[in-house]
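Asks: Need coordinates for the following:
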Amino acid sequence: LIIGLLQALFLLCMAVSGSYFGLGPWFYGGLLIAAGMFGYQQILIADREREKCFRAFLHNNKVGLMVLGATVVDLWVV
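Replies: Below is the predicted model:
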């Protein structure tokens, strides 16, 4: 539960930051994809199996890359 809450807080903070810096639809689309990636992580960790939890932990690199990529594309396209 706490991991899901922290993931939601991260997405909320990123959305507020995106609004503050005037980012557009590419950024928010990336956040939507990141939210889906977090959903996948929740599925992985549901059984609390060691290997799956570690795979979800490593998957955070891809989430960060998605947010970075969405930010760069949004700034580049606009």
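
Asks: who does the helix or strand harbouring Tyr28 touch, helix- and strand-wise?
Replies: In this assignment (DSSP states H and E), Tyr28 forms part of helix 25-45. Under the contact definition 3 or more CB pairs under 8 Å, 6 or more residues apart in numbering; DSSP states H and E, helix 25-45 sits against helix 2-20, helix 50-77. Placement of C-beta: from N, CA and C, glycine included.

Asks: and the residue minimising distance to the centre of the chain, what does it touch?
Replies: Among the residues of the chain, the one closest to the centroid is Ala34, at 3.3 Å (CA atoms, centre = their mean). By CB atoms under 8 Å, 6 or more residues apart in numbering, the contact set of Ala34 is Leu11, Met14, Val63, Met66, Val67, Ala70.

Asks: hmm, back to that, with respect to Phe38, which of the helices and strands packed on helix 25-45 lies nearest?
Replies: Evaluated with CB to CB, the helices and strands packed on helix 25-45 place helix 2-20 nearest to Phe38, the distance being 4.4 Å.

Asks: That'll do, ta.
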